[in-house]
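S.K.: Make a model of this:
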Amino acid sequence: MAGVTSAGLALSACGVDVTKTPDPTATASITPFPTSTPTLTPTPAPPTIADLARKIGMDVGIEANYLGLFSPNKTAIKFSDAPEGYVKALQNFSLLTNGYEGDPAWTDYKPDIAFTFWHDFSLFCQEHNIHLCLDHMFYGLGHFDEGSPVAYLVNAPKDEVETWMKNRVKKFFEIPYFSQLNFVNEVFYGNNVTGEVDWVADSNPFYNIWGKDYVRQAYMIVFQEAIATGKKVGDDLRLIYNAPLIEWDNSKARYEFDFLANLKEQLKKRNGY
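M.R.: Numbering: from 1, shown residues only. Down below sits the predicted model:
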């Protein structure tokens, strides 16, 4: 009883009258639960390799090609149907290039499949701030061999070959977005043992018509289409001369370097920059 009395005294001292009982008719005051949905802050996605590379001013690239994207019946699929893991992996790179653009089995024999894929793929690259390089506009090594849909061009007259080249470039420039374009590929072959260097001439309609000037001709066709479509070469678009991986101390590398230096001077005089 002493304990209860002490507790009553303590409550009375705090302003609570312990001698009164609660009013049974009074309504209790209840704090309502919130009716609005709370705003959840999403967990940020971890940075990609491309994000990290950009912070130090680098582009990290990889060759991505649609030839690896097939349905079970071996039919090439649309980019929109590509596996989620494949698409997610591409976002790790800030530069994507394709080594099969120049394959006429796709760009001439199956243009709808090839260009539909790369139309959609280019929009993906643009959305994710990824540089896209379209490869191999003109490649004289193997693309005109027997069995190729463009093998007939090997011995075709100049006008026919030039028309095909211009139409090909025009088709590529219809792709909505790209920042680089490989205008010519593997012009020379070389032998590191003997030091022999020469032009790729067999089954090469470009060399058959223009000889050693065909690289400049190829460049000018692409350059003129860029101007016609409002792209500024060197700013909106880089034109790439592609050579196979080589050792820089071999004779082919020195020969190729001298050739490119001379080509650069020719283009400066021709194009004014």
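S.K.: any idea how far residue 145 is from residue 185?
M.R.: In this structure, residue 185 and residue 145 are 15 Å apart, going by CB to CB, to the nearest Å. Where C-beta positions appear, they are placed from N, C-alpha and C, glycine not excepted.
S.K.: Between the two, which is the more surrounded one?
M.R.: residue 185 (23 against 12; other CB atoms under 10 Å).
S.K.: My guess is the more buried one contacts residue 136. True?
M.R.: Yes - with contact defined as CB atoms under 8 Å, residue 185 counts as touching residue 136 (4.7 Å).
S.K.: how close does residue 258 sit to residue 188?
M.R.: Going from residue 258 to residue 188 by CB to CB gives 11 Å.
S.K.: Settle it for me: which of those two has more neighbours?
M.R.: residue 188 (16 against 10).
S.K.: Run through the bridge partners of that one.
M.R.: Beta bridges link residue 188 to residue 199, judged by DSSP bridges.
S.K.: mind checking how far it is from residue 157?
M.R.: The gap separating residue 188 from residue 157 is 26 Å, by CB to CB.
S.K.: same question, residue 88
M.R.: As judged by CB to CB, residue 88 and residue 157 stand 49 Å apart.
S.K.: where do the helices sit along the stretch 1-150 of the chain?
M.R.: With helices called from DSSP state H, counting those that start in this stretch, the stretch 1-150 of the chain shows them at 2-13, 49-55, 84-90, 104-107, 111-127.
S.K.: meant to ask about the stretch 151-273 of the chain, not that
M.R.: Going by DSSP H, counting those that start in this stretch, the stretch 151-273 of the chain shows helices at 158-172, 205-210, 214-228, 251-271.
S.K.: Could I get these in TSV, plus columns for distance to residue 198?
M.R.: Below are the helices of the stretch 151-273 of the chain laid out as TSV (distance: least, CB to CB, whole Å):
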stretch	distance to residue 198
helix 158-172	21
helix 205-210	11
helix 214-228	14
helix 251-271	9
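S.K.: winner for burial among those helices?
M.R.: Greatest average neighbour count among these goes to helix 205-210 (a mean of 20), per mean count of other CB atoms under 10 Å.
S.K.: So which elements touch it?
M.R.: Packing partners of helix 205-210 (3 or more CB pairs under 8 Å, 6 or more residues apart in numbering; DSSP states H and E): helix 158-172, helix 214-228.
S.K.: would a markdown table of those helices with distance to residue 238 and mean pLDDT be doable?
M.R.: Below are the helices and strands packed on helix 205-210 laid out as a markdown table (distance: least, CB to CB, whole Å; pLDDT from 0 to 100):
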| stretch | distance to residue 238 | mean pLDDT |
| --- | --- | --- |
| helix 158-172 | 14 | 96 |
| helix 214-228 | 10 | 95 |
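S.K.: Just send these back as a markdown table, with distance to residue 180 too.
M.R.: Below are the helices and strands packed on helix 205-210 laid out as a markdown table (distance: least, CB to CB, whole Å):
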| stretch | distance to residue 180 |
| --- | --- |
| helix 158-172 | 12 |
| helix 214-228 | 11 |
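S.K.: Quick check: which of the helices of the stretch 151-273 of the chain is nearest to residue 56?
M.R.: helix 251-271 (28.5 Å; CB to CB).
S.K.: angle of the closest one against helix 214-228?
M.R.: Helix 251-271 and helix 214-228 meet at an angle of 40 degrees, taking axes from the mean of the first three to the mean of the last three CA atoms, to 10 degrees as the criterion.
S.K.: I'd like the mean pLDDT over helix 251-271, please.
M.R.: Helix 251-271 carries an average pLDDT of 87.
S.K.: what packs against that helix?
M.R.: On a contact count with 3+ CB pairs under 8 Å, 6+ apart, helix 251-271 meets strand 188-190, strand 197-199, helix 214-228.
S.K.: Those into a markdown table, with extra columns for distance to residue 164?
M.R.: Listed next are those as a markdown table, based on distance: least, CB to CB, whole Å:
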| stretch | distance to residue 164 |
| --- | --- |
| strand 188-190 | 23 |
| strand 197-199 | 20 |
| helix 214-228 | 11 |
